[in-house]
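Novice: task: produce atomic coordinates for the following.
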Amino acid sequence: MKHTIPELIELAGCGGHVVRSVVAAGEPSQHRQRALADLNAAIPSTDALKVSTASLSALVTTPDFHPGKPVPVGVVADVGNAILPHMIGNDIGCGMRMIVLENATVDDLKPNLDGVLRHKFFQGGRNIALTGSDRHALLREGLPGLFESMKSRRFGLLAAVDLQAAWNDLDRTSDAGVFSSSAIDPGFAHYAAIDNDHRHDAILGTIGGGNHFVEFGVVDRVEDPHFAYNHNVRQGSIVIVVHSGSLDFGQQVGSTTTERLRRVNRTASDWRILSEHQQPDLYHRYVNGQANAVNAAFANRFLIGLTAIAAISECLGRPIAHKLVYDAPHNAIWRSGSIARHRKGACPAGPGEPVILPGSMGDGTWLLRGLGSTDALQSSAHGAGRRLSRQEARAKAVVSPQLRVIGSIDMSDTKVRLRTDLLREVIGRLKEEAPAAYRPIENVVDPMVAAGIVTRVAKIRPLLTIKG
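Specialist: Numbering: from 1, shown residues only. Modelled structure (predicted):
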């Protein structure tokens, strides 16, 4: 069934291309114009694409569309016979994971949980032990590769994993937890060197910085009981939401590809276009590298979720049963035939596909159901979207003392309280992610529901947030 959005569609010109948009409620025109100007600079012209034997067949922005360099956030583009690596940047594979805790309540999120979470995530307590074979398998074959590799011997955090349940969860994971690759990027050769020695991993299982987070929340209301029930969500359930990506892996692929493109395309009309026909070797290297990074992101969110569950289990002194709701990237390139669909801060929202859409730390998260809108390129907003830049937020935003935020630094520590410079920086980073820095989440969800892109399933109220 095709869902159209004629009554809410807003058309704009951009580099010779038509942009289709669903705009956030109450969006200031100057904010949208800044974002469109950034998009105009980010999208190659029709003439430049033609010279590279490429084309852009569709360009859409989601309601969380906001300014960004070199590319604004909330953009979906279908490109033929080429890839635009700069559209995705270095945060390759960034996405969301939602887990329901089956035998935990609001009262179980006791104050002493804060210290356990801080130890697990920031003070060397993750205890993630992988062999070289595990690392090779997860980069090449994603979560299925990791599960297959670790079935013989497991240590540390992974020792307690129910492998059968993990395999079953792949049915609730976008792309079954793997982007196809034919090789490991040479830049990851040392990391993925095959051996059977378990070593603690220094990368995977970390949240990352910026707007990445782990959040414990409670399901406040359910609006689609049938869909919610089928995805393990109940009124009053405790939910973990993970927002993270591929960390150093995406950084490696994104930055090295940019350097190579600048070099090989230095005489081209637009060096940012990676043509499948004109640069086949670099094109296929990027395809493999991006797949490796997305696979690392799937594994990273899986391990972050396990770490959060291990923390609350340790705090309560009992095992915590859990089920996956969904996991999906919102910053990657999906290829189908000659078309590469670029999603820059946009969730896949196919027919019946769960969409995890977080707001600010104080605004909670919506679980939505995708309707497969072809006009929206089967895509949804991936969050509330910034309304203040990070610099503006540092100057204007206020951090509510009611927010329960756990970071690498314990601000209640008397020694820390003496470090005014450190406190100033920590508070500045919190202001960058404060609720005032983002749109109200309903301003993004309402127009998408009205436009037939998604329907509401359940709203999660945040209880505590872990920030990198």
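
Novice: any idea how many residues pack against the spatially closest residue to residue 46 that is not a sequence neighbour?
Specialist: Nearest non-adjacent residue to residue 46, counting by C-beta to C-beta, 6 or more residues apart in numbering: residue 16, 4.1 Å away. To be clear about C-beta, it is placed using only N, CA and C from the backbone, and glycine gets the same treatment. Residue 16 has 14 neighbours, counted by other C-beta atoms under 10 Å.

Novice: ok, now how distant is residue 16 from residue 95?
Specialist: The gap separating residue 16 from residue 95 is 31 Å, by C-beta to C-beta, to the nearest Å.

Novice: that older thread, and the residue nearest to residue 46, what does it touch?
Specialist: Residues near residue 16 by C-beta atoms under 8 Å, 6 or more residues apart in numbering: 45-47.

Novice: neighbour-wise, give me the winner out of these.
Specialist: residue 45 (16 neighbours).

Novice: surely that residue touches residue 51?
Specialist: No: contact criterion C-beta atoms under 8 Å: residue 45 and residue 51 do not qualify, at 9.5 Å.

Novice: make TSV out of the contacts of residue 16 and add pLDDT, distance to residue 65 and secondary structure.
Specialist: Output for these, formatted as TSV (pLDDT from 0 to 100; distance: C-beta to C-beta, whole Å; DSSP: H, G, I helix; E, B strand; the rest coil):
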residue	pLDDT	distance to residue 65	secondary structure
45	92	21	coil
46	92	21	helix
47	92	25	helix
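
Novice: so where's the protein uncertain?
Specialist: For the chain, applying pLDDT under 70 flags the ranges 1-13, 387, 393, 397, 399-402, 410-411, 413-418, 422-423, 426, 430-431.

Novice: swap in 80 and give it another go.
Specialist: For the chain, residues meeting the criterion pLDDT under 80 lie at 1-16, 360-362, 385-403, 408-438, 468.

Novice: give me the most central residue, it.
Specialist: With distances taken as C-alpha atoms, centre = their mean, residue 95 lies nearest the centre of the chain, 1.9 Å away.

Novice: nearest residue to that one in space, ignoring adjacent ones along the chain?
Specialist: Residue 95 sits nearest to residue 329 (C-beta to C-beta, 6+ apart), 3.7 Å away.

Novice: and the one you found, how many neighbours?
Specialist: Neighbours around residue 329, by other C-beta under 10 Å: 27.

Novice: can you pull the phi/psi pair for it?
Specialist: In this entry, residue 329 is assigned phi and psi values of phi -80, psi 150 (degrees, to the nearest 10).

Novice: wait, what's in contact with it?
Specialist: 93-95, 174, 245, 294, 297-298, 343, 348 are the contacts of residue 329 under C-beta under 8 Å, 6+ apart.

Novice: list only buried entries from the residues you listed.
Specialist: Using 16 or more other C-beta atoms under 10 Å as the burial test, these include 93-95, 174, 245, 294, 297-298, 343, 348 as buried.

Novice: now, the residues you listed that are in helices?
Specialist: 294, 297-298 (DSSP state H).

Novice: before we move on, back to that, take the buried ones among the contacts of residue 329 and write them to a markdown table, including distance to residue 369.
Specialist: Formatted as a markdown table, the buried ones among the contacts of residue 329 follow (distance: C-beta to C-beta, whole Å):
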| residue | distance to residue 369 |
| --- | --- |
| 93 | 23 |
| 94 | 22 |
| 95 | 17 |
| 174 | 14 |
| 245 | 24 |
| 294 | 23 |
| 297 | 23 |
| 298 | 22 |
| 343 | 18 |
| 348 | 12 |
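
Novice: any idea which of these is closest to residue 138?
Specialist: Proximity of those to residue 138 (C-beta to C-beta) peaks at residue 298, which lies at 8.0 Å.

Novice: how far away is the residue nearest to residue 95 from residue 106?
Specialist: Taking C-beta to C-beta, one finds residue 329 at 30 Å from residue 106.

Novice: so who does residue 237 touch?
Specialist: Counting by C-beta under 8 Å, 6+ apart, residue 237 has contacts 100-102, 218-219.
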